[in-house]
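> Everything below, folded, please.
(chains A and B)
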Number of protein chains: 2
Amino acid sequence: MRRSILVCAHLDTRARQLIQATLPASAVQFTERDQPSATDQAAFADAAIIFRNLPLRYLPLCPRLKWMQLESVGFEYYNSLAVTPPGFVISNLKGMFEWPAAETALAGLLALGRGLPRLLAAQAEARWIELEVRPDTWLLRGQRALVLGAGSIGRRMRLLLEAFECEVQVFARQNPLATLHTPEELLAAVPHCDLLVCCLPKTPETIGLVGRALLEAMPAKGVFVNIGRGAVVDETALVDVLQRKRIRGAVIDVTAVEPLPPGHALWRCPNTVVTQHTGGGYNEELLDKARCFLKNYQRFSRGETVLNAVDLRQGY
Amino acid sequence: MRRSILVCAHLDTRARQLIQATLPASAVQFTERDQPSATDQAAFADAAIIFRNLPLRYLPLCPRLKWMQLESVGFEYYNSLAVTPPGFVISNLKGMFEWPAAETALAGLLALGRGLPRLLAAQAEARWIELEVRPDTWLLRGQRALVLGAGSIGRRMRLLLEAFECEVQVFARQNPLATLHTPEELLAAVPHCDLLVCCLPKTPETIGLVGRALLEAMPAKGVFVNIGRGAVVDETALVDVLQRKRIRGAVIDVTAVEPLPPGHALWRCPNTVVTQHTGGGYNEELLDKARCFLKNYQRFSRGETVLNAVDLRQGY
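Numbering: from 1, shown residues only, chains lettered A, B, ... in the order given. Predicted coordinates:
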């Protein structure tokens, strides 16, 4: 019997066991992720289903491929395919990182507001600095926020900031949830926003969108947050406004180059929390990825359309 | 003319200027806070209004005192008065610390969930530890929470935790918002709660309420938060469950002894964030205290009852 389901996603033991317990053993094959052997590659020929972001160079080895379930939300890597062949669908994990990314943004914002970087450093030395920190603390409550992006992460950010009684505006090119749609409208709004929270993917339209003019237009109490993609921001300008204390601080989960090189100035900018692209993570992450794949497999195997099929022509 | 308004609260320049700009200069006197001079003490004799938590020993020097506006929410220090004389009222700042205290609790919880203590320590060394931290992160979303106390801080905690889709139960002796009312009901509920958030004041009934049995009953993924008062907790037992990693972690704003002595074990417990009683603070704190006093002064001067008069017989 052909092994028509190829799994080479990054999984832990629990996630792998869940797949093994759910799919027929005779149909599923686990292959090496980073250096597939010749045998693994031979298995590509039989695969109708692949669970992994397969490198483009292997796609021609998969003539029977009908469905590829990505392990990510981002799918810009496949944009060069322009269109998928008829009868071939790619689906992503849309929505899966909404909560961990939003919680990272909130953790960073509240850490800055409550002085946690100073308090944690003092804790390591058993040093009580209440009276030094207390007058510098500030409330998240009631801040004016501008969320860039109206995808699942942007929408969750908006709801959570509203729970802190923030006034929230949303910028997105086309999404009807947004009130700001053009870069000009965005630039006009930024001077009146205390928090600028970037939840944008990397697309030809978003690269460099948060440039020097935008960052310099922020108010003195402004805080910039990036849980989208590093390429959206002019990092040289960002480092500059932070070093000059032109704005109050930043929470940076994503950077243009990752890992961030040891000599990069962002590591040492004042009032900056660098969360090292942990924003999408949580302890059940790999298990939930397997669950998403299996749920979609049930649909696929019944001949239904899979959930979260991506449209390579549209980008986000 | 008698200077009938005595201000010796801890204020900054803005707060003091606001009071000076609002009250008649001929009626208000600012005195030394910690070591009032003989002249200052003589002024007590004329004071009808005092803005400050006046030490008990000075009260007999104030025969004309009609109203004391405290600079705090807590008023347990005055419980020994048992009752206030007829025509004398004490008011507190009820509700003023709701947001900063709740934001401190959320900051600590999210910091633990997102691995911020490790990330910030690594940031100081420009060290990228994404893959070490990411599998250990956990979501606040959907945790089962138990809030101790249904005052303004407890109520705000409940609302904010619900924004993170937590299931929240509330413990309070009498408050109708609570679903748990007795220590026995509390102990029975704790094994099913991931977050135990103490927002209780120090009263004869709350001292030691969070004892060893309660802490040992928490689930392995339990996190204990204290933004109430240190005396509510058996700190020896707390240190013990943290050191043994019997529970997942803790966020400790208040301790039995403050400042926490350098040798205290809480400073170095694993997965513990010590926020050093900064929970009530924010940059507009002193200005807002002056605003509360002035708002209440308007009521008092029109012969209306002041807001937030405390009842010394009831405690909280």
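> only C-alpha atoms for contact and neighbour calcs from this point on.
Will do.
> where do the helices sit along chain A?
Remark: helices assigned in chain A by DSSP state H are A:13-22, A:38-44, A:98-114, A:116-124, A:130-133, A:152-163, A:183-189, A:212-216, A:235-243, A:285-301.
> quick one: which of those helices has the weakest pLDDT on average?
When the helices of chain A are compared by mean pLDDT, helix A:38-44 comes last with a mean of 87.
> returning to what we had before: any chance of the helices of chain A in JSON lines, plus mean neighbour count and distance to A:V273?
Shown next, in JSON lines, are the helices of chain A (neighbours: other CA atoms under 10 Å in any protein chain shown; distance: least, CA to CA, whole Å):
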{"stretch": "helix A:13-22", "mean neighbour count": "14", "distance to A:V273": "31"}
{"stretch": "helix A:38-44", "mean neighbour count": "16", "distance to A:V273": "42"}
{"stretch": "helix A:98-114", "mean neighbour count": "26", "distance to A:V273": "6"}
{"stretch": "helix A:116-124", "mean neighbour count": "19", "distance to A:V273": "8"}
{"stretch": "helix A:130-133", "mean neighbour count": "16", "distance to A:V273": "17"}
{"stretch": "helix A:152-163", "mean neighbour count": "21", "distance to A:V273": "18"}
{"stretch": "helix A:183-189", "mean neighbour count": "15", "distance to A:V273": "25"}
{"stretch": "helix A:212-216", "mean neighbour count": "18", "distance to A:V273": "17"}
{"stretch": "helix A:235-243", "mean neighbour count": "19", "distance to A:V273": "11"}
{"stretch": "helix A:285-301", "mean neighbour count": "18", "distance to A:V273": "23"}
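> TSV for those, including distance to B:S37?
Supplementary listing: these in TSV, determined by distance: least, CA to CA, whole Å:
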stretch	distance to B:S37
helix A:13-22	71
helix A:38-44	87
helix A:98-114	37
helix A:116-124	36
helix A:130-133	25
helix A:152-163	48
helix A:183-189	53
helix A:212-216	51
helix A:235-243	46
helix A:285-301	64
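> Save the ones you listed as CSV, and put in distance to chain B too.
Output for these, formatted as CSV (distance: least, CA to the nearest CA, whole Å):
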stretch, distance to chain B
helix A:13-22, 13
helix A:38-44, 26
helix A:98-114, 5
helix A:116-124, 6
helix A:130-133, 6
helix A:152-163, 6
helix A:183-189, 25
helix A:212-216, 23
helix A:235-243, 15
helix A:285-301, 8
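> Can you tell me which of those helices is nearest to B:Q243?
Closest approach to B:Q243 among these is made by helix A:116-124 (15.8 Å; CA to CA).
> what's that closest one packed up against?
In this structure, helix A:116-124 packs against helix B:116-124, strand B:272-274, with contacts taken as 3 or more CA pairs under 8 Å, 6 or more residues apart in numbering or on different chains; DSSP states H and E.
> nearest to A:T13, of these?
Using CA to CA, those put helix B:116-124 closest to A:T13, at 25.0 Å.
> Other residues contacting the closest one?
Residues from elsewhere that reach helix B:116-124 (CA atoms under 8 Å, 6 or more residues apart in numbering or on different chains): A:117, A:120-121, A:267-268, A:273-276, B:111, B:128-129, B:133.
> wait, which of these is closest to B:L180?
B:A111 (28.4 Å).
> quick one, what contacts the residue nearest to the closest one when sequence neighbours are not counted?
The shortest distance from B:A111 to any non-neighbouring residue, by CA to CA, 6 or more residues apart in numbering or on different chains, is to A:A107 (5.6 Å). A:A107 sits next to B:106-107, B:110-111, B:114 when contact means CA under 8 Å, 6+ apart.
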